[in-house]
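# sequence plus the predicted model coming up.
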Amino acid sequence: MPPDPFYWPRHGWVRLGEGWADGLRSPLTAAELAEVADWCAVGRPLVIARGRPGDGAGELRLGLATPDKRRIGLHVAADAVAVRLEPLRLAEAVDAAPEAWRPMLVELVRRAQDVGVTPAVYGSLAWQHRTGLGYVRPDSDVDLLFVPRDRWQLDGLLDLLTAVGDGSPRLDGEILLPDGAAVAWRELAGRPARLLVKGPAEVSLRDLPSVLALFDRENAA
């Protein structure tokens with residue numbers, strides 16, 4: 001059984017507690033173990049990643065990304081976590097962005113909130129805000145996470161992103177579906193017959209009407 005997608009949402013963050021290595025469910029190399037230990041010792045967080053089929057209940061997949069684009073994946077027991085953090089709100093990360101990006105990001109937050117959606121951010125800008133290290137480059141995209149609750153919010157959000165998404169910075173990211181899975185906003189905006197959907201522990205193809213129907217049910221609830 002994969003972790004609860006709402007309690008342990010992908011793109012959320014954790015800080016591991018003392019003795020976290022005792023909770024490892026898959027081994028790390030000695031070099032990886034030392035790097036993760038140093039990372040955690042200074043209080044830096046890890047990001048919650050998608051689980052894998054066969055992961056047990058109470059197990060998490062976590063990621064450590066370095067500014068030079070190295071990646072370390074961890075498979076740990078959830079009780080190794082000392083602090084759990086929600087996905088980072090974009091409004092909180094604006095000051096970590098290059099100065100030239102900030103007016104656009106502030107306006108995006110405002111316009112998204114006008115349709116009832118509060119944007120979150122993951123990827124390089126989120127890592128830069130969370131750690132104080134230099135992840136963002138002039139050509140970096142901004143990876144965003146949106147959680148619309150109904151079709152009105154979804155349609156307004158997709159109209160907004162289609163209008164501004166190819167500006168500077170370029171906007172990428174995902175729409176979180178009411179069932180806890182996610183789909184790339186660019187793919188959903190294109191209204192293809194079938195969509196690549198990322199679940200808590202798997203990736204699958206779904207037809208467009210079934211995805212949109214999730215928001216119709218949310219609206220009717």
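Yep, that arrived.

# use CA for all of it now, contacts and neighbours both
Will do.

# helix, strand or coil for the nearest residue in space to P148 that is not next to it in sequence?
Counting by CA to CA, 6 or more residues apart in numbering, P148 lies nearest to L154, which is 5.4 Å off, once chain neighbours are set aside. The three-state label for L154, taken from DSSP: H, G, I helix; E, B strand; the rest coil, comes out as helix.

# so L154 touches F146, yeah?
No - in this structure L154 lies outside contact range of F146 using CA atoms under 8 Å: 9.1 Å.

# helices of the chain, start to end?
Taking DSSP state H as the criterion, the chain carries its helices at 30-41, 90-93, 102-114, 124-131, 151-164, 185-189, 208-220.

# quick one: the third one to chain centroid distance?
Remark: helix 102-114 is offset 19 Å from the chain centroid, using CA atoms, centre = their mean, to the nearest Å.

# now it: buried residues?
Applying a neighbour-count criterion of 16 or more other CA atoms under 10 Å, one finds 102, 105, 108-112 buried in helix 102-114.

# dump those residues into JSON lines; add distance to L88 as well.
Converted to JSON lines, those look like this (distance: CA to CA, whole Å):
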{"residue": "R102", "distance to L88": "16"}
{"residue": "L105", "distance to L88": "14"}
{"residue": "L108", "distance to L88": "15"}
{"residue": "V109", "distance to L88": "13"}
{"residue": "R110", "distance to L88": "16"}
{"residue": "R111", "distance to L88": "18"}
{"residue": "A112", "distance to L88": "15"}
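
# if we can go back for a sec, tabulate the helices of the chain (a markdown table), appending mean pLDDT and distance to P5.
Formatted as a markdown table, those follow (pLDDT from 0 to 100; distance: least, CA to CA, whole Å):
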| stretch | mean pLDDT | distance to P5 |
| --- | --- | --- |
| helix 30-41 | 98 | 24 |
| helix 90-93 | 98 | 20 |
| helix 102-114 | 98 | 23 |
| helix 124-131 | 98 | 20 |
| helix 151-164 | 97 | 20 |
| helix 185-189 | 97 | 19 |
| helix 208-220 | 83 | 16 |
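
# mean neighbour count, those: which tops it?
For those, average neighbour numbers computed from mean count of other CA atoms under 10 Å are highest in helix 124-131, which has a mean of 22.

# elements contacting it?
In terms of contacts (3 or more CA pairs under 8 Å, 6 or more residues apart in numbering; DSSP states H and E), helix 124-131 is packed against helix 90-93, strand 142-146.

# please state the offset of the shortest one from the chain centre?
A distance of 14 Å separates the C-alpha centroid of helix 90-93 from that of its chain, computed with CA atoms, centre = their mean.

# likewise for the longest one?
Strand 142-146 sits 7 Å away from the centroid of its parent chain (CA atoms, centre = their mean).

# tell me the angle that strand makes with helix 124-131.
Angle, strand 142-146 to helix 124-131, by axes from the mean of the first three to the mean of the last three CA atoms, to 10 degrees: 90 degrees.

# direction included, what does strand 142-146 pair up with?
Strand 142-146 has these partner strands in its sheet, going by DSSP bridges: strand 120-122 (antiparallel), strand 171-176 (parallel).

# tabulate the CA atom coordinates of it in CSV.
What follows is strand 142-146, C-alpha atoms only, in CSV (Å, rounded to 0.1, in the frame of the first residue of the first chain):
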residue,chain,number,x,y,z
VAL,A,142,9.3,27.4,-12.5
ASP,A,143,7.6,24.2,-11.5
LEU,A,144,4.2,24.8,-10.0
LEU,A,145,1.5,22.7,-8.2
PHE,A,146,-2.2,23.7,-8.3
